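Asks: just a sequence and a predicted model for now, questions to come.
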Amino acid sequence: MPIRPTNLATMSATIAGALSPTRSDSGDTVRPVTVTFESGHRQVVDTGGCRSLESAQGGVVAIEAEAAAKYALFAGTSCQGGRAIASGRGPATFGDPILAGAIVLG
């Protein structure tokens, strides 16, 4: 069965371990995550699910989060149909800026 491009974002987020904000292993809500851009601008993302990142700030150079926080960065401004370009858990710094337009928190 072929994989449709519109389903790739959902599959990527699932593989990355990003959970829906209504479902959590500990029963807690998603904690805020701070995304730092090349420009030095910082954006606080405080809810789960797919959120657009602020444009014209350059690539993402760091994510400040609790150790249990899961995330996936997407190339497009939407997670639907977008391509996951980075994912992980907890805080992270990137040697090369990641040109992401959206983030999924879980």
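Replies: Perfect, I can see it now. Because the structure is predicted, anything quoted here is derived from the model rather than measured. Residues are numbered from 1 along each chain as shown.
Asks: centre-most residue in this protein?
Replies: For the chain, residue 103 is the residue whose C-alpha lies nearest the centre (Cα atoms, centre = their mean; 2.8 Å).
Asks: identify the bridge partners of that residue.
Replies: With DSSP bridges as the criterion, residue 103 is bridged to residue 51, residue 73.
Asks: next one: residue 45, what pLDDT does it get?
Replies: Residue 45 carries a pLDDT value of 92.
Asks: my guess is residue 38 meets residue 59, correct?
Replies: Yes: the criterion here is Cβ atoms under 8 Å, and residue 38 meets it with residue 59 at 5.3 Å. For every residue, glycine as well, the C-beta is placed using N, CA and C.
Asks: list residues touching both of these two?
Replies: Taking Cβ atoms under 8 Å, 6 or more residues apart in numbering as the contact rule, residue 38 and residue 59 both touch residue 97.
Asks: buried stuff in stretch 74-85?
Replies: Using 16 or more other Cβ atoms under 10 Å as the test for burial, stretch 74-85 gives 74, 79, 82, 84, 85.
Asks: and it, how far from the chain's centre?
Replies: 9 Å (Cα atoms, centre = their mean, to the nearest Å).
Asks: let's number from 69 now, not from 1
Replies: Fine by me, first position is 69 from now on; the one you just mentioned is stretch 142-153.
Asks: and the end-to-end length of it?
Replies: Using Cα to Cα, to the nearest Å, the end-to-end distance of stretch 142-153 comes to 6 Å.
Asks: all the strands of the protein, residue numbers only.
Replies: Using DSSP state E, the strands of the chain run over 101-105, 110-113, 117-120, 128-132, 138-142, 152-157, 160-166, 170-173.
Asks: for the fourth one, packing partners?
Replies: Contacts defined by 3 or more Cβ pairs under 8 Å, 6 or more residues apart in numbering; DSSP states H and E place strand 128-132 against strand 101-105, strand 160-166.
Asks: same question, the fifth one
Replies: Judged by 3+ Cβ pairs under 8 Å, 6+ apart, strand 138-142 is in contact with helix 73-84, strand 152-157, strand 170-173.
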